[in-house]
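Engineer: sequence-free structure coming up:
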C-alpha cells in the first residue's frame, strides 16, 4: 500500500473571490513537500491561462511518463539497451453541454532509440506495460501505443 500526498492552493482570487463567474482566475499551484512548485490553470477554452499546465495536460503527462518509466525498467531487465526516449501523447476528450468532460482515449507515440534487431522485443515490452503501470491501470479510457524506433 502506498500513500501519495500533495497540496493544491487556489491563487486566482483577484480581491472579490468568486463574486462573479468572470471575477476570478482559474489558477492554482501544486505543492509537494521537497519538490518545485507547479503553477497551473484551467484549459484555455474554459478561461484558463494557455501558458500554464492544466489538469488534462497533467493527466496525459502522468500517463506517458508512467509508460516510459516502466518501458525503461522492463527494457533494462531484458537487456535491451535504450539510448533515447521521447513521446508526444495525445488525448481525445469530449465536453457535454453541461460542462462535464472526460477523456475518450489517449494515444502514446514514443520514439525510442535502440539497437538494431531489438524492435520486436521492444514491442513485446510495450504490450506488457499496462499490466503494471499505476496510471494506466487507473484510467477508464483506452490507451493505445504506436512506437517508432530509431536504430543506434
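Structural biologist: Alright, I've got the coordinates. All values derive from a computational prediction rather than experimental measurement.
Engineer: which outside residues touch the top helix by length along the chain?
Structural biologist: In the chain, assigned by DSSP state H, the helix with the most residues is helix 55-78. Under the contact criterion Cβ atoms under 8 Å, 6 or more residues apart in numbering, helix 55-78 has outside partners 40, 42-43, 53, 81-82, 85, 87, 89-91, 93, 103, 106, 108, 110, 112, 114, 121-122, 125-126, 128-129, 132-136, 139, 143, 145. C-beta here means a position set from N, CA and C on the backbone, and glycine is covered the same way.
Engineer: buried sites along that helix?
Structural biologist: For helix 55-78, the neighbour count (16 or more other Cβ atoms under 10 Å) marks 59, 60, 62, 63, 64, 66, 67, 68, 70, 71, 74, 75 as buried.
Engineer: quick one: the helices in this protein?
Structural biologist: Going by DSSP H, the chain shows helices at 55-78, 119-129.
Engineer: let's have those in JSON lines, adding mean pLDDT.
Structural biologist: Listed next are the helices of the chain as JSON lines, based on pLDDT from 0 to 100:
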{"stretch": "helix 55-78", "mean pLDDT": "97"}
{"stretch": "helix 119-129", "mean pLDDT": "96"}
